[in-house]
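Q: structure here, sequence nowhere to be found:
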């Protein structure tokens, strides 16, 4: 039996990997940020970890599995945020809590947000990944309602894109996290007609 250690501390239950898997995912994230998913080979990951490519294959069968493992920590954080929001009494309180948690996630994980928004391989894998699609459906339903129509869907799409785009935009790269977080929350609340 292999020792298990968390890849990341995640509220609501950590995603767990063996130590070797965690090192592979951490190295892959660094390489993905520089070269993109398509530009990162398994050999590059193996070299970064200091093991053979066969050792990487022993932990993950494909690079796609590594990409999904890299996304799982943030998916678990998003799921924890959704569960907390869904437990709130009343839709306004649920939307407010979810919005705060979404902004926190985006600000705290700018690098991952950038990959989720711009890396074509990451985007394709997540769109095809059923657990990710279910999370997005829950998120959109909580923000827009069960049957929002165009008037409800467009603002949610805009706020999602705005948060993700803002945290990775060069104009705010020099802002500290608290300043960025406060500005994003204030603007998002106004946009969704939530009290400041």
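A: Sure thing, it's come through. This structure is a prediction, so every number in the text was calculated from the model and none was measured. Residues are numbered from 1 along each chain as shown.
Q: could you find the closest non-adjacent residue to residue 165?
A: Leaving aside its sequence neighbours, residue 165 sits nearest to residue 117 (Cβ to Cβ, 6 or more residues apart in numbering; 7.1 Å). Placement of C-beta: from N, CA and C, glycine included.
Q: so the one you found sits right up against residue 164, yeah?
A: Yes. Checked against Cβ atoms under 8 Å, the pair residue 117 and residue 164 is within contact range at 5.0 Å.
Q: and these two? which has more neighbours close in?
A: residue 164 (18 against 14; other Cβ atoms under 10 Å).
Q: tell me which element the more buried one is part of?
A: Residue 164 belongs to helix 149-168 when assigned by DSSP states H and E.
Q: can you name every helix or strand that that helix contacts?
A: helix 91-108, helix 110-118, helix 130-144, helix 177-191 (3 or more Cβ pairs under 8 Å, 6 or more residues apart in numbering; DSSP states H and E).
Q: state the pLDDT value of residue 73.
A: You'll see residue 73 listed with a pLDDT of 80.
Q: quick one: low-confidence parts of this structure?
A: For the chain, the stretches flagged by pLDDT under 70 are 1-16.
Q: okay if I get the helices and strands packed on helix 149-168 as TSV plus distance to residue 78?
A: Output for those, formatted as TSV (distance: least, Cβ to Cβ, whole Å):
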stretch	distance to residue 78
helix 91-108	7
helix 110-118	11
helix 130-144	6
helix 177-191	16
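Q: out of those, which gets nearest to residue 50?
A: Closest of the helices and strands packed on helix 149-168 to residue 50 is helix 110-118, at 22.4 Å (criterion: Cβ to Cβ).
Q: buried stuff in stretch 59-79?
A: For stretch 59-79, the neighbour count (16 or more other Cβ atoms under 10 Å) marks 59-60, 63, 66-79 as buried.
Q: for stretch 162-180, buried residues please.
A: Quick answer for stretch 162-180 (16+ other Cβ under 10 Å): 163-164, 166-168, 175, 180.
Q: quick one: end-to-end distance for it.
A: When the termini of stretch 162-180 are compared using Cα to Cα, to the nearest Å, they are 13 Å apart.
Q: tell me the contacts of the residue nearest to residue 109 when sequence neighbours are not counted?
A: What sits nearest to residue 109 in space, not counting adjacent residues and going by Cβ to Cβ, 6+ apart, is residue 74, at 5.9 Å. With contact taken as Cβ atoms under 8 Å, 6 or more residues apart in numbering, residue 74 is in contact with 105, 109, 112, 116.
Q: 7 Å instead, please
A: Residue 74 sits next to 105, 109, 112 when contact means Cβ atoms under 7 Å, 6 or more residues apart in numbering.
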